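**Student:** predicted model and sequence below, questions to follow.
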Amino acid sequence: MSLGQRVSTDRQLARLLQIGVVLEEVVEARAYSHLESLSPDERAELDEEIAELLDHAAEESAEHRARLESLVDEMDAETVGYDEIELLVREHYASNQPDDFDGLLYDQLCNEETAYKFYDDLIEAIEASDADYTVDEELVLDTLYAIREEEKEGVEEVTAIMEDRE
Amino acid sequence: MNTADQYLKAIYLAQMMEDGPASTGTLADMLDVSPASVNEMIGKLEDRGLADHEKYKGVELTDEGIGRARDALQTYCIIERFLANVLEVESYREEARALESVIDDTVAERLDTIIDRRSECPDCFDPEADRCECLTAEGKAD
């Protein structure tokens, strides 16, 4: 057991970045499957703002995923079958959809908040460590700061839409 | 998972293994910290009503402490199972121990949505083997 929140080895850092990739995969798959699950009538009824939000969330997650993957690629880490994980995530979500638009927004809010918390904890744990990683620490932190900021904006966007609907 | 939750989980598992109060020595070994650090944290857990400590006997969790410990164990099970079944990590136990302090329970909840965990979790956790008894040695679920 490792007490204290710090990332002390290369392997730990690589694994946490891989977990970040999977979390982004979850957000992306969930946003797309929400859109795909709607009937034509529901789509017509769907607020343009919500449709844009889901589209944006999916695109942004794909971009975050690519940035995290490129960091992992620079490290001497075991490869992970992301294609299989993508399938797994989509299978789990196909049978697990929110009932209405408010449920959908709430789910999206949880996604963004969870991702924000993950990057915030990861940044803190890297900053608390004296370890030398094989990848440039400054590059890792700059990437994570930028992603965390976008997750924060995502939380604010969803919150604003939820407040408008009240 | 924060440090207090890691202690609660360790006490819960030590109580299961020792079939009674958990000794400071056992907890120090499990957490890889000094007995003095264990005593200091036990004092804090007592102040928060999560544990009772009796000199020469050991520490026992209160009902509230047991609830928190079981939540922490569940988070740990999610991390182990995610590493073993999704990322296919062979040394998932070692890696879960190394990562648990950085993974928050809300993050674990999201990871939980793509793994198949038994409804009896965390009762299927084997404290001696340090893993869910439904996970095989190859890292695949039964």
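**Tutor:** Structure's in. What do you need?

**Student:** what number of residues lie near residue A:66?
**Tutor:** 11 (other C-beta atoms under 10 Å in any protein chain shown). Heads up, the C-betas are built off the backbone N, CA and C, glycines and all.

**Student:** try the one 4 residues further on
**Tutor:** With neighbours defined by other C-beta under 10 Å, the count for residue A:70 comes to 13.

**Student:** secondary structure element holding it?
**Tutor:** Counting by DSSP states H and E, the element that carries residue A:70 is helix A:48-74.

**Student:** does that helix reach chain B?
**Tutor:** No. Helix A:48-74 stays clear of chain B (C-beta under 8 Å from any C-beta of the partner chain), getting no nearer than 11.6 Å.

**Student:** and the spatially most central residue of chain A, how far from residue B:10?
**Tutor:** Centroid-nearest residue in chain A: residue A:24, 3.0 Å away (criterion: C-alpha atoms, centre = their mean). Going from residue A:24 to residue B:10 by C-beta to C-beta, to the nearest Å gives 32 Å.

**Student:** do the same with residue A:101
**Tutor:** Taking C-beta to C-beta, one finds residue A:101 at 44 Å from residue B:10.

**Student:** the more surrounded of these two?
**Tutor:** Using other C-beta under 10 Å, the more surrounded residue of residue A:101 and residue B:10 is residue B:10, with 26 against 17.

**Student:** spatially nearest residue to that one, not counting backbone neighbours?
**Tutor:** residue B:30 (4.8 Å; C-beta to C-beta, 6 or more residues apart in numbering or on different chains).

**Student:** same check on residue A:49?
**Tutor:** Residue A:49 sits nearest to residue A:161 (C-beta to C-beta, 6+ apart), 5.7 Å away.

**Student:** my read: the residue nearest to residue B:10 touches residue B:11, true?
**Tutor:** No. With contact defined as C-beta atoms under 8 Å, residue B:30 does not count as touching residue B:11 (9.1 Å).

**Student:** in chain A, which helix or strand is least confident?
**Tutor:** Counting by mean pLDDT, DSSP states H and E, the weakest-scoring helix or strand in chain A turns out to be helix A:40-45, with a mean of 75.

**Student:** can you list the residues of chain A near chain B?
**Tutor:** So chain A meets chain B at A:1-9, A:11-12, A:15-16, A:18-19, A:22-23, A:26, A:78, A:80-81, A:85, A:88-89, A:92-93, A:96, A:110-111, A:113-114, A:117-118, A:121-122, A:125 (C-beta under 8 Å from any C-beta).

**Student:** output the below-cut-off pLDDT ranges for chain A.
**Tutor:** For chain A, residues meeting the criterion pLDDT under 70 lie at A:1-4, A:94-99.

**Student:** mind naming the longest helix for it?
**Tutor:** Longest helix in chain A, counting residues (DSSP state H): helix A:137-165.

**Student:** repeat for chain B
**Tutor:** From DSSP H, the single longest helix across chain B is helix B:63-81.

**Student:** is chain A contacted by it?
**Tutor:** No. Helix B:63-81 does not reach chain A (C-beta under 8 Å from any C-beta); its nearest approach is 9.1 Å.
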